[in-house]
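Visitor: my questions concern the predicted model and sequence given below.
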Amino acid sequence: MRAQVSILFPLVLFLVGCKNSTTSPNCLDDLNAIKKEFLQSILQENVNESPFHIQYSLKTVLFSQDIVSLFGEIAVYDHLPHGWGRYEGKTFCKINGQFREIMLNELLPSSEQKEFLRKYCEDDLKRSYGELTYLVSMKEIYPILPLQLIRTFVVDEQFLIIIFQPYSVGGCGDGPFVVKIPYQSLEGHWSATNPLKNCLSRVIASQLYTSCWEEENFHVGTSLE
């Protein structure tokens with residue numbers, strides 16, 4: 001059973017990262033902070049740079065009684081020449097009767113497991129996107145894909161899906177850049193005791209879930225151009 005749900009989300013979920021180096025690292029930890037930053041910014045802008053806008057959307061990638069995985073986007077236009085945006089992934093797993101957010105570090109905690117993830121993403125980006133990625137033009141600065149760029153993820157019934165932030169590994173107009181890792185490829189590489197693995201097997205076997213990941217439906221679009 002496959003379906004897609006797109007909803008507006010209350011201003012409570014956390015976003016990853018800041019929009020620029022002049023902003024305090026903690027000031028964009030949640031959407032309310034981003035909204036305040038946006039209001040302060042446009043009060044200082046010129047009329048000929050408007051209209052201004054801020055958009056946020058949240059889509060379910062996987063939904064079941066035991067696992068909920070969500071993909072969020074924020075797009076902000078508050079000054080010329082163009083706007084900015086971020087992606088976020090939130091995956092919750094029911095453990096001992098209560099939902100808890102699962103972090104990527106729980107799935108691949110060891111240095112060897114992290115290196116497997118990094119190398120898999122690097123190879124897949126080169127193979128899937130080729131010259132579109134910065135991995136080619138920036139190889140003298142970043143000879144390998146930096147591990148710190150791998151932090152946003154969601155899951156569906158087949159894949160662990162890594163989402164790269166705008167302008168991290170390629171141009172925004174060509175993105176979002178994603179790497180989909182089949183669960184079969186993770187066998188022997190991710191933690192055997194991670195809280196997601198057994199729960200995923202149970203959910204998939206039950207077939208009582210909705211699942212949808214289509215890259216064209218998860219693009220922020222012209223607001224990031």
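Guide: Arrived safely, thanks for sending.
Visitor: what sits up against stretch 178-186?
Guide: In this structure, residues lying in contact with stretch 178-186 by Cβ atoms under 8 Å, 6 or more residues apart in numbering are 117, 120-121, 124-125, 128, 158-164, 200, 213, 215. The way it works is simple: take the backbone N, C-alpha and C, and place the C-beta from them, glycine included.
Visitor: just the buried ones from those?
Guide: 117, 120-121, 124-125, 159-164, 200, 213 (16 or more other Cβ atoms under 10 Å).
Visitor: widest-spaced pair of these?
Guide: Leu125 and Leu200 (24.4 Å; Cβ to Cβ).
Visitor: quick check: next helix or strand after the worst-scoring helix or strand of the chain on mean pLDDT?
Guide: For the chain, counting by mean pLDDT, DSSP states H and E, strand 5-7 ranks last in confidence among helices and strands (a mean of 32). Tracing the chain past strand 5-7, the next element assigned as helix or strand by DSSP states H and E is helix 31-42.
Visitor: alpha carbons of the lengthiest helix in the chain, in PDB - could you do that?
Guide: Using DSSP state H, we find that the single longest helix of the chain is helix 111-129. In PDB, the C-alpha atoms belonging to helix 111-129 read as follows (Å, rounded to 0.1, in the frame of the first residue of the first chain):
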ATOM      1  CA  SER A 111      34.000   4.700  12.900                       C
ATOM      2  CA  GLU A 112      34.000   1.700  10.500                       C
ATOM      3  CA  GLN A 113      30.300   2.000  10.000                       C
ATOM      4  CA  LYS A 114      30.500   5.700   9.500                       C
ATOM      5  CA  GLU A 115      33.200   5.200   6.900                       C
ATOM      6  CA  PHE A 116      31.000   2.700   5.100                       C
ATOM      7  CA  LEU A 117      28.200   5.300   5.000                       C
ATOM      8  CA  ARG A 118      30.500   8.000   3.800                       C
ATOM      9  CA  LYS A 119      32.100   5.900   1.000                       C
ATOM     10  CA  TYR A 120      28.700   4.600  -0.100                       C
ATOM     11  CA  CYS A 121      27.300   8.100  -0.400                       C
ATOM     12  CA  GLU A 122      30.400   9.400  -2.200                       C
ATOM     13  CA  ASP A 123      30.400   6.600  -4.700                       C
ATOM     14  CA  ASP A 124      26.600   6.900  -5.300                       C
ATOM     15  CA  LEU A 125      26.800  10.700  -5.800                       C
ATOM     16  CA  LYS A 126      29.500  10.300  -8.400                       C
ATOM     17  CA  ARG A 127      27.600   7.600 -10.200                       C
ATOM     18  CA  SER A 128      24.200   9.100 -10.000                       C
ATOM     19  CA  TYR A 129      24.900  12.800 -10.500                       C
END
